[in-house]
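Q: Quick one, structure for this:
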Amino acid sequence: MTELSLRTRESFDAVMRKYADMVYRLAYARTGSTFDADDILQEVFLRYIRADKTYNDEEHRKAWLIRITVNCTRSFAASAYNRHRDLSEPDENAGAEDPALKAAETKSDVMKALLELPEKYRTAIYLFYYEDMSVAQIAKSLGTTETNVKTRLSRGRDMLKEKLKGVEFDV
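A: This is a model prediction of the structure:
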């Protein structure tokens, strides 16, 4: 694999290929909608280009993209559009053969249960288990303490355990 430049504009295509799925999955995990995840994906990479930063290393770039994704989903949730739209309308794209969606939502009971959790628990669990981030990395990305992340993970696991009671898994 080629080494990515730590300058924004010099490596946009490579960064997009490397991190687009991660940003999309996180946006989808936080919004539960393919349409909203698509919009947030675009917004995150527009901000990435506009920022024109130099990153210390790839971990710094990844953390920055996760932080911007979280911020964009928060902004979207607070937007007038989101507050006034009819949330009872089904997502027409749900179950579509979108490869990124298929990776994000494997039609498993675990992912369905995860999407039902409150946002703060869903985000912590998603980053820990799906993006293999450490508690320290999650705390830094979300702008909170490690203790808070550990609490969210513990409570989120308990909620998932309760939601998945009686579900049988193939081992």
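
Q: Which segments of this protein make up each domain?
A: Structural domains of the chain, as assigned by automatic domain parsing, span the residue ranges 1-100, 106-166.

Q: From the chain's centroid, how far away is the last one?
A: On the basis of C-alpha atoms, centre = their mean, to the nearest Å, domain 106-166 sits 11 Å off its chain's mean C-alpha point.

Q: what mean pLDDT does that domain have?
A: When the per-residue pLDDT values of domain 106-166 are averaged, the result is 86.

Q: and what of the longest one?
A: Per-region confidence: domain 1-100 scores 77 on mean pLDDT.

Q: if we can go back for a sec, include mean neighbour count when you put the domains of the chain into CSV, please.
A: Every C-beta, even on glycine, is put in place using the N, C-alpha and C of the backbone. Formatted as CSV, the entries for those read as follows, by neighbours: other C-beta atoms under 10 Å:
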stretch, mean neighbour count
domain 1-100, 15
domain 106-166, 16
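
Q: ok, now how distant is the residue nearest to the spatial centre of the chain from Thr147?
A: Nearest residue to the geometric centre of the chain (C-alpha atoms, centre = their mean): Leu26, 1.1 Å. Computed with C-beta to C-beta, to the nearest Å, the distance linking Leu26 and Thr147 is 22 Å.

Q: Please apply the same query to Asn56.
A: Computed as C-beta to C-beta, the Asn56 to Thr147 distance reads 25 Å.

Q: Check Tyr19 too.
A: From Tyr19 to Thr147 the distance is 28 Å (C-beta to C-beta).

Q: Centre of the chain to stretch 26-46, how far?
A: A distance of 8 Å separates the centroid of the chain from that of stretch 26-46, by C-alpha atoms, centre = their mean.
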